[in-house]
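*Asks:* Next one to model:
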Amino acid sequence: MSSLEISAVPAATTWTAPAVAVIVPTFNERENIALLYEKVMTALGSTPFEFIVVDDNSPDGTAALAKEMAQRLPNMRCLHRLGRRGLASAVCEGAASAAAPYIAVIDADLQHDERILPAMLARAIDGADIVVGTRYAGAGSASEGLSVMREQGSRLATQLSSLLTGKSLSDPMSGFFLMRRALFDKVAPGLSAEGFKVLLDIIVSATRAHATEGLPLTIAEVPYTFRTRHAGTSKMGPLVVIQFLGLLLSRMTRGVLPTSFLMFAMVGTSGLVVHLITLAITHDGLGFTFAYAQLAATLVAMTTNFVLNNALTYADRKLKGARFWRGLITFYLVCSIGTIANVAVAANLFAASHALMLSGIAGAMMSVVFNYSVTRILTWR
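*Replies:* As a prediction, the model looks like this:
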């Protein structure tokens with residue numbers, strides 16, 4: 001028997017199965033991880049737990065620290081992700097790797113109050129399918145950790161979410177929740193790997209899954225006070241809002257249209273506005289001939305579309321440095337081919353039906369679908 005096998009035997013005999021897995025998605029959270037672990041350990045007390053850090057290759061060395069801690073802490077491990085980013089996919093990977101019968105998701109920045117974890121676990125053990133840490137019910141509060149604008153935006157998102165879920169939830173945008181792992185395993189294949197608000201996706205998917213079995217989805221809420229960030233910088237911004245709206249639209253189509261496709265289409269719509277403005281400026285203001293003005297407008301619109309898609313639609317695959325410029329060139333080439341496909345489809349349809357608007361829309365949709373499909377493979381692969 002090797003020395004490794006000998007040393008592993010005593011550890012195995014003292015091992016205790018975890019009751020709950022605490023999933024912590026991270027990006028540049030090195031200064032917070034150790035303190036969060038200590039706080040979670042204090043909060044859960046004698047309840048055995050596993051602490052799973054899912055790190056998106058943070059440049060600040062979050063993964064390295066988590067692995068170092070895992071050398072000393074038998075219930076801690078790190079999933080170090082390379083070549084992919086995003087909170088939703090990080091949560092899904094962490095939850096899929098959990099062994100405990102219950103999984104909890106908590107941010108690393110210490111804004112979520114880990115002290116309510118025992119209460120959340122108790123509600124789940126009592127029968128709740130999902131338990132949400134809420135900032136907007138009972139004694140919960142978000143005023144300490146959110147600006148007035150962010151809080152108003154969060155409340156608006158809550159109202160929009162209720163229209164989709166059909167449930168009256170005080171905080172469906174919460175990133176702090178606990179659920180049965182068996183339920184997660186059931187809905188995981190259909191969850192979106194895009195965006196930052198995975199709870200809404202889980203609730204919608206779980207509600208529909210339960211409905212097919214004639215069962216209601218039981219959701220409980222435990223209030224807490226949302227705290228100020230301990231260290232580092234917030235990931236919340238316009239990107240999160242846009243991706244959230246994309247997720248809402250995607251779930252309204254039952255996932256037929258992916259979030260990334262809807263965002264790609266929204267960016268394309270903004271490109272049309274940019275195109276028309278540039279066309280007017282170059283033709284009427286600068287005196288370009290129509291052909292040159294149209295060419296300039298097309299290049300400007302394609303460039304802005306690329307920049308916006310790089311920052312929003314594919315934020316988890318964002319191209320930087322030399323890859324940015326190579327990506328821009330492939331984007332130009334793909335969109336040029338997409339334009340040819342647009343014209344070909346529209347022309348053939350018009351020749352057959354003489355329906356001007358229908359032909360134009362069909363051609364435009366063909367262009368969007370083609371550009372999205374090919375740039376996803378070639379530009380943001």
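
*Asks:* The helix or strand harbouring G338 - contacts with which helices or strands?
*Replies:* Secondary-structure element containing G338, defined by DSSP states H and E: helix 322-353. Counting contacts by 3 or more Cβ pairs under 8 Å, 6 or more residues apart in numbering; DSSP states H and E, helix 322-353 packs against helix 290-308, helix 356-378. Bear in mind the C-beta positions are built from the backbone N, C-alpha and C, glycine included.

*Asks:* of those, which approaches P48 most closely?
*Replies:* Smallest distance to P48 across these (Cβ to Cβ): 42.3 Å, for helix 356-378.

*Asks:* Against L117, how distant is V22?
*Replies:* Distance from V22 to L117, counting by Cβ to Cβ, to the nearest Å: 8 Å.

*Asks:* Then T339?
*Replies:* 54 Å.

*Asks:* Neighbour count: these two, which is higher?
*Replies:* Neighbours were tallied for T339 and for L117 using other Cβ atoms under 10 Å; the higher tally belongs to L117 (27 against 16).

*Asks:* Setting aside sequence neighbours, what's the nearest residue to that one?
*Replies:* Using Cβ to Cβ, 6 or more residues apart in numbering and skipping the chain neighbours, the partner closest in space to L117 is A43 (5.1 Å).

*Asks:* what kind of secondary structure is the one you found in?
*Replies:* Here A43 is recorded as helix under DSSP: H, G, I helix; E, B strand; the rest coil.

*Asks:* Isn't it up against E114?
*Replies:* Yes. The criterion here is Cβ atoms under 8 Å, and A43 meets it with E114 at 4.6 Å.

*Asks:* C-terminal to the helix or strand of the chain with the lowest mean pLDDT, which secondary structure element comes first?
*Replies:* Of all helical and strand segments in the chain, the minimum by mean pLDDT, DSSP states H and E falls on helix 3-13, at a mean of 45. Downstream of helix 3-13, the next assigned helix or strand under DSSP H and E is strand 20-26.

*Asks:* in its sheet, what does that next one sit against?
*Replies:* Strand 20-26 sits in its sheet next to strand 49-55 (parallel), strand 102-105 (parallel), going by DSSP bridges.

*Asks:* My read is that P118 contacts A43, right?
*Replies:* Yes. P118 is within contact range of A43, at 6.5 Å (criterion: Cβ under 8 Å).

*Asks:* Just confirm G133 is within a strand.
*Replies:* Yes. G133: assigned to a strand according to three-state DSSP.

*Asks:* ok, it touching H112?
*Replies:* Yes. Counting by Cβ under 8 Å, H112 is a contact partner of G133 at 6.2 Å.

*Asks:* for this protein, what are the low-confidence residue spans?
*Replies:* 1-15, 138-168, 193-197, 229-256, 342-343, 346, 356-357, 359-364 (pLDDT under 70).
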